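Peer 1: what shape does this take:
(one chain, ligands or ions: 2)
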Amino acid sequence: MATKKKYKKLPIGGTLPGGTSTETKTGHWRSEKPIWDKKRCIQCMMCYIACPEDCIIAKKMKKGIQRSETDLKFCKGCGICAQVCPVKCIEMVKE
Ligand code: SF4
Ligand code: SF4
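Peer 2: Numbers count the residues shown, from 1 in each chain. Ligands and ions are numbered 1, 2, ... in the order given. The predicted structure is shown next:
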């Protein structure tokens, strides 16, 4: 029976530099984009929490932290924000 190598004896595999996600603009992957109806928004921040790309911008306003525009340079058009919005004020539209 072959003896197993300890992990420290294994050759080093591929390595990737960290912190590259901000340099990789993923917005061009998108086929649909979210359109936010600001007037109907109740600022529940569900879309902000749920966005996997962290591209819904939150700003400190007089009334507290509120969502602002979507950073389309990174939005992949997954539609999760539109799905979680309780008042359906985000519409996914074809580009
Ligand atoms: S479509 Fe997806 S990636 Fe774009 S803002 Fe909504 S949740 Fe984020
Ligand atoms: S989920 Fe809808 S209502 Fe809530 S902050 Fe986002 S856009 Fe506004």
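
Peer 1: what residues are up against the most centrally placed residue in the chain?
Peer 2: For the chain, residue 53 is the residue whose C-alpha lies nearest the centre (CA atoms, centre = their mean; 1.2 Å). Residues near residue 53 by CB atoms under 8 Å, 6 or more residues apart in numbering: 26, 74, 75, 76, 78. Every C-beta, even on glycine, is put in place using the N, C-alpha and C of the backbone.

Peer 1: for ligand 2, what are the nearby residues on the protein?
Peer 2: 36, 41-47, 67, 84-85, 87, 89-90 (CB under 6 Å from any ligand atom).

Peer 1: now for the contacts of residue 53, which pair is the farthest apart?
Peer 2: Maximum pairwise distance among these (CB to CB): 11.4 Å, between 74 and 78.

Peer 1: and the strands in the chain, which stretches?
Peer 2: 32-36, 56-61, 64-70, 90-94 (DSSP state E).

Peer 1: please identify the deepest-packed of those.
Peer 2: Among the strands of the chain, the stretch with the highest mean neighbour count (mean count of other CB atoms under 10 Å) is strand 32-36, at a mean of 17.

Peer 1: and the contacts of stretch 36-45?
Peer 2: 58, 63, 65, 66, 67, 69, 70, 86, 87, 89, 90, 91.

Peer 1: great, nothing more from me.
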